[in-house]
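Chemist: structure for the following, please:
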Amino acid sequence: MTLPRLLSDVPPSGERPRSPAEAWPSPATRRRLLALAADAPPDVTAERLFAPLLAELAGLEPGAAVALRLSGVAGGEPELCSCGAEAPAPGASGDGRLFAGLPLELQVSVPGLGELVFAAPALGPDAVAIHAAALDEAALLVAVVWRAVRQERVQRLHAQRDKLAVFGELAAGILHELNNPLTAIAAYAELLLRTLPGRTADAVDLERLAHIRESSQRLIGFARDLVSYTRPDAQPKSPLEIDVVLDRALGYCGHLLQAHDVTLRRERAAGTAVACSASALTQAFVNLVTNAVQAMEEGGGELAVTTVRDGERVRVTVADEGVGIAAADLERIFEPYVTTKPHGRGAGLGLSIVRGIVADHDGRVVARRRTPRGAAFEVELPVDRSGHAGHDPA
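Modeler: Reported below is the predicted structural model:
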């Protein structure tokens, strides 16, 4: 994004009531906020970006408080930030106010993105008009800046997804070339196992042949799953038992569990078919399982993957005994490019992709901390009511 474009997008303030002592927002406030937006990293939060603006607003009246609630990126959770004498309540009170302890509250819509709220112990009639105009001005400024930040995030996410798509095409081509010799190895091993027992064949050699056949078949299945994994949008949605999808994802991650000394606990539920793209949903669960295993790579632990039907919804929980998630990260863990892994260990796209896939299936995914340690990710999806659950098409 460029700063001149942002400046040209700011609507003129027009003739509005002003306090003689204050001309808000000042040109310095505008320049500072727009400069922050122009240079903001992709993972910047609303709280960090708009803190100076909220502080100026809260300073308009003694004992005042300000809150800003904005929609997230790509269906993410809304962001709420505040400044002043009182913190906003998690949910609005019965009369719709965010600040229960401050009797007067003004609310202004941030066009198409959220709301800006100002509250104070008391305001005279003239002050109400002045501050309402200031809030309106601030809301327009916030809208321009936040849209630019969101657009930058989405553009970078799309660029990274394009790179992954190119990698997927390369991987598919390589795996196709590997598939032919692997199929030949498996076929010849099968032929020898059928013909040698009738002759003088050593039992040890027969056992080795069996291992060759099983290993080559496992590699063929691995290659098939990887091709499906790199092409998640190739299949239309059709009814499929969710546990079939989970079994496929866990099979793909089996080597990770063994490498990091992770034990698997599975709990299944009947009647949990969902309308899905099997490969896309497999990709989502592969990402969740991989994250869980990586969180336990230091000392191992138990990975619990459970399926529960709750009315017309099915809930899948992927729970680990790893390092857990800091409380401050829970609100932004699904945002693009946000990662809690050490530098170089992840691009911060895995959970964002999970959220996008789940949302595409009319579901939702949430993260929570576990006691005494670990994290759990819960995926909720609508149950398919057609009664025609099929088999894994991969």
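Chemist: helices or strands next to the longest helix along the chain in the packing?
Modeler: Criterion DSSP state H: the longest helix present in the chain is helix 125-195. In terms of contacts (3 or more C-beta pairs under 8 Å, 6 or more residues apart in numbering; DSSP states H and E), helix 125-195 is packed against helix 3-9, helix 27-39, helix 46-58, strand 65-70, strand 104-110, strand 114-120, helix 203-230. Yep, even glycine has a C-beta here, placed from its N, CA and C like the rest.
Chemist: redo the ones you listed as TSV? Include mean pLDDT and mean neighbour count.
Modeler: Listed next are the helices and strands packed on helix 125-195 as TSV, based on pLDDT from 0 to 100; neighbours: other C-beta atoms under 10 Å:
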stretch	mean pLDDT	mean neighbour count
helix 3-9	33	13
helix 27-39	69	16
helix 46-58	83	20
strand 65-70	88	25
strand 104-110	84	18
strand 114-120	88	24
helix 203-230	75	16
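Chemist: dump the ones you listed into CSV; add distance to Glu335 as well.
Modeler: Listed next are the helices and strands packed on helix 125-195 as CSV, based on distance: least, C-beta to C-beta, whole Å:
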stretch, distance to Glu335
helix 3-9, 22
helix 27-39, 17
helix 46-58, 11
strand 65-70, 13
strand 104-110, 19
strand 114-120, 16
helix 203-230, 23
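Chemist: select, out of these, the one closest to Ala327.
Modeler: Closest to Ala327 of the helices and strands packed on helix 125-195 is helix 46-58 (C-beta to C-beta; 14.5 Å).
Chemist: by contact count, what packs against the closest one?
Modeler: helix 27-39, strand 65-70, strand 79-84, helix 125-195.
Chemist: export it as PDB, just CAs?
Modeler: Only the C-alpha atoms of helix 46-58 are listed here, as PDB (Å, rounded to 0.1, in the frame of the first residue of the first chain):
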ATOM      1  CA  ALA A  46      -6.000  -3.100  15.900                       C
ATOM      2  CA  GLU A  47      -4.800  -2.400  19.400                       C
ATOM      3  CA  ARG A  48      -1.300  -1.600  18.300                       C
ATOM      4  CA  LEU A  49      -2.300   0.300  15.300                       C
ATOM      5  CA  PHE A  50      -5.000   2.500  16.800                       C
ATOM      6  CA  ALA A  51      -3.600   3.000  20.400                       C
ATOM      7  CA  PRO A  52      -2.500   6.600  19.700                       C
ATOM      8  CA  LEU A  53      -5.900   7.500  18.300                       C
ATOM      9  CA  LEU A  54      -7.900   5.900  21.100                       C
ATOM     10  CA  ALA A  55      -5.600   7.700  23.700                       C
ATOM     11  CA  GLU A  56      -6.400  11.100  22.100                       C
ATOM     12  CA  LEU A  57     -10.100  10.300  22.100                       C
ATOM     13  CA  ALA A  58     -10.100   9.200  25.700                       C
END
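Chemist: now the angle from that helix to strand 65-70?
Modeler: 140 degrees (axes from the mean of the first three to the mean of the last three C-alpha atoms, to 10 degrees).
Chemist: sorry, back to before: hey, which of the helices and strands packed on helix 46-58 is tucked in deepest?
Modeler: Sort the helices and strands packed on helix 46-58 by mean neighbour count, taking mean count of other C-beta atoms under 10 Å, and strand 65-70 sits at the top with a mean of 25.
Chemist: sorry, back to before: of the helices and strands packed on helix 125-195, which is nearest Val358?
Modeler: Among the helices and strands packed on helix 125-195, the nearest to Val358 by C-beta to C-beta is helix 203-230 (16.3 Å).
Chemist: so how far is that closest one off the chain centroid?
Modeler: 34 Å (C-alpha atoms, centre = their mean, to the nearest Å).
Chemist: Arg369 pairs with what?
Modeler: Ala375 (DSSP bridges).
Chemist: ok, and the closest non-adjacent residue to Gly350?
Modeler: Spatial nearest neighbour of Gly350, chain neighbours left out: Asn287 (4.3 Å); criterion: C-beta to C-beta, 6 or more residues apart in numbering.
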